[in-house]
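Visitor: Give the three-dimensional model of this entry:
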Amino acid sequence: MSTYNFSAGPAVMPASVIAQIQAELPSMQGSGMSIMEISHRSALFDQIINNAEQDLRDLMAIPDNYRVLFFQGGGTLQFTAAPLNLATKHHNIGLLDSGHWASRAAEEARRVDTQVDILASAAATHFTTLPTLTTPVDQTLDYVHLTTNNTIEGTMYTKLPQTGTVPLVADMSSNFLGQTYDVSDFGMIFAGAQKNLGPAGLTIVIVRDDLIGHAQQLPSMLDYQLFADKRSMFNTPPVFAIYAAGLVLKWLKQQGGLTAIQAQNEQKAALLYDFLDQSTLFTNQVKPADRSTMNVPFVTGNPTLDAQVIAGATEQGLLNLKGHRLVGGMRASLYNAMPIAGVQALVDYLATFEKAHTKGDLTHVSN
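Guide: Next up, the predicted model:
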């Protein structure tokens, strides 16, 4: 029986990358040392991190006036680092409240004495839609924070808000490298690796040159300019995570790049959404135009029945479908490495479950 991991993160990685890691783990490029043993100051790791940066630049067409930084601490640490580095003129940022992670970003910014103006919120629709700007953005704001994909709520921006000359700072953690964007539309992008890029422990920051170097007396580990000057090696970086991410970036190139992978993601998402839209048992409550291709939440409307769906799916090798604790139900995360066969297997299982439920017989769904 095949197994498919629908976890929201840490998430599924390409099978070929896992196999390569396994093969190379005892001796990295014939060095006699594991990737977990080599020095971050070695020529071998220089090659690894430089290739990873170049492949990322190639895939995203990152302009030369943007720095690529490799951080630890997850995307959550950037909720603090971004205002400390970028909100230096007025200590005032704008934010579009699209759900849990946007709210977390606002909380962390306020902790470092940054004023946060909520420019729009989708709270009134219980975050089943995306917030949109209805008035021009105050041009004195230091930046506007945007969560491009909302992992819990299942919404995603494909069309960006217009902020004038105010830089747009994007938390792209859960659709990084799965959806194409023009990097030059942003002042900064950051993303935790554990969705589409690799194992947890690595965070990517892509930031425009002119926005950094203005903060005073920052903690060294949060200083973008220092990390840019030190090529992300002020201290020991997450060596293994960068190595694994580099392999995933090579894999993405082999798939045809981001345009090709986005098309695959749209195909996978359409397969699941088409089933949910015609289902008499399962419901996705997100406005169709705002739906995520990465994270698809759905419910039966009955928590007991939801639990049966999850238990039966697990028996069928369809893993980690339990929804986030804040919203319940089910959630299928369809990141880059999830094959379309996995989505088809999920749809087939849900159809079988629905048929059995309609007949009033749930005993067959786990057999």
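Visitor: how about the longest helix along the chain: buried residues?
Guide: For the chain, the longest helix by residue count, based on DSSP state H, is helix 258-278. For helix 258-278, burial by neighbour count (16 or more other CB atoms under 10 Å) applies to Leu258, Ile261, Gln262, Gln264, Asn265, Lys268, Ala269, Leu272, Tyr273, Phe275, Leu276. Heads up, the C-betas are built off the backbone N, CA and C, glycines and all.
Visitor: Spit out the contact partners of the second one.
Guide: The one in question is Ile261. Leu177, Gly178, Leu252, Gln255, Asn336 (CB atoms under 8 Å, 6 or more residues apart in numbering).
Visitor: Kindly present those residues as a markdown table, with separate columns for neighbour count.
Guide: Shown next, in a markdown table, are the contacts of Ile261 (neighbours: other CB atoms under 10 Å):
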| residue | neighbour count |
| --- | --- |
| Leu177 | 25 |
| Gly178 | 26 |
| Leu252 | 24 |
| Gln255 | 13 |
| Asn336 | 26 |
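Visitor: Out of those residues, name the ones that lie in helices.
Guide: Those of those mapping onto helices are Leu252, per DSSP H.
Visitor: Any chance of TSV for the contacts of Ile261, columns distance to Asp138?
Guide: Formatted as TSV, the contacts of Ile261 follow (distance: CB to CB, whole Å):
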residue	distance to Asp138
Leu177	32
Gly178	32
Leu252	38
Gln255	41
Asn336	37
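Visitor: Check whether Ile38 really touches Val239, as I assumed.
Guide: Yes: between Ile38 and Val239 a contact is recorded at 6.9 Å, counting by CB atoms under 8 Å.
Visitor: Find residues that contact each of those two.
Guide: Phe45.
Visitor: show me where the chain has helices.
Guide: 15-24, 43-60, 74-86, 100-111, 224-229, 239-254, 258-278, 303-315, 340-358.
Visitor: Need the winner for burial among these.
Guide: Most buried of the helices of the chain by mean neighbour count (mean count of other CB atoms under 10 Å) is helix 74-86; its value is a mean of 23.
Visitor: related to what we said a few turns ago, got the CA positions of the longest helix of the chain in PDB?
Guide: This file holds the C-alpha atoms of helix 258-278, laid out as PDB (Å, rounded to 0.1, in the frame of the first residue of the first chain):
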ATOM      1  CA  LEU A 258       8.400  27.300 -10.900                       C
ATOM      2  CA  THR A 259       6.000  27.800 -13.800                       C
ATOM      3  CA  ALA A 260       5.800  24.100 -14.400                       C
ATOM      4  CA  ILE A 261       5.500  23.200 -10.700                       C
ATOM      5  CA  GLN A 262       2.700  25.900 -10.300                       C
ATOM      6  CA  ALA A 263       0.800  24.200 -13.100                       C
ATOM      7  CA  GLN A 264       1.100  20.900 -11.400                       C
ATOM      8  CA  ASN A 265       0.000  22.400  -8.100                       C
ATOM      9  CA  GLU A 266      -3.000  23.900  -9.800                       C
ATOM     10  CA  GLN A 267      -3.900  20.600 -11.400                       C
ATOM     11  CA  LYS A 268      -3.700  18.800  -8.000                       C
ATOM     12  CA  ALA A 269      -5.800  21.400  -6.200                       C
ATOM     13  CA  ALA A 270      -8.400  21.400  -9.000                       C
ATOM     14  CA  LEU A 271      -8.800  17.700  -8.600                       C
ATOM     15  CA  LEU A 272      -9.600  17.900  -4.900                       C
ATOM     16  CA  TYR A 273     -11.700  21.100  -5.100                       C
ATOM     17  CA  ASP A 274     -13.800  19.700  -8.000                       C
ATOM     18  CA  PHE A 275     -14.600  16.700  -5.800                       C
ATOM     19  CA  LEU A 276     -15.400  18.800  -2.800                       C
ATOM     20  CA  ASP A 277     -17.600  21.200  -4.800                       C
ATOM     21  CA  GLN A 278     -19.800  18.400  -6.000                       C
END
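Visitor: what angle do it and helix 340-358 make?
Guide: 10 degrees (axes from the mean of the first three to the mean of the last three CA atoms, to 10 degrees).
Visitor: How far does helix 258-278 sit from its chain's centre?
Guide: Relative to the chain's own centre, helix 258-278 is displaced by 17 Å; criterion: CA atoms, centre = their mean, to the nearest Å.
Visitor: pLDDT (mean, whole number) over that helix?
Guide: When pLDDT is averaged over helix 258-278, the result is 98.
Visitor: Geometrically speaking, which residue is the centre of the protein?
Guide: Among the residues of the chain, the one closest to the centroid is Ser174, at 1.4 Å (CA atoms, centre = their mean).
Visitor: What's the separation between that residue and Pro238?
Guide: Using CB to CB, to the nearest Å, Ser174 is found at 19 Å from Pro238.
Visitor: picking that back up, can I get the helices of the chain in TSV with distance to Thr132?
Guide: TSV is the format used below for these (distance: least, CB to CB, whole Å):
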stretch	distance to Thr132
helix 15-24	37
helix 43-60	25
helix 74-86	22
helix 100-111	14
helix 224-229	29
helix 239-254	31
helix 258-278	21
helix 303-315	31
helix 340-358	29
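Visitor: for the ones you listed, which one sits closest to Gly32?
Guide: When these are ranked by distance to Gly32, counting by CB to CB, first place goes to helix 43-60 at 11.2 Å.
Visitor: Centre of the chain to that closest one, how far?
Guide: With CA atoms, centre = their mean as the basis, the mean position of helix 43-60 lies at 20 Å from the chain mean.
Visitor: picking up where we left off before, how big is the angle separating the longest helix of the chain from helix 43-60?
Guide: Going by the same axes, to 10 degrees, helix 258-278 makes 60 degrees with helix 43-60.
Visitor: doesn't Asp210 make contact with Arg67?
Guide: No: taking CB under 8 Å as the definition, Arg67 is not a contact partner of Asp210, at 10.7 Å.
Visitor: Nothing else from me, thank you.
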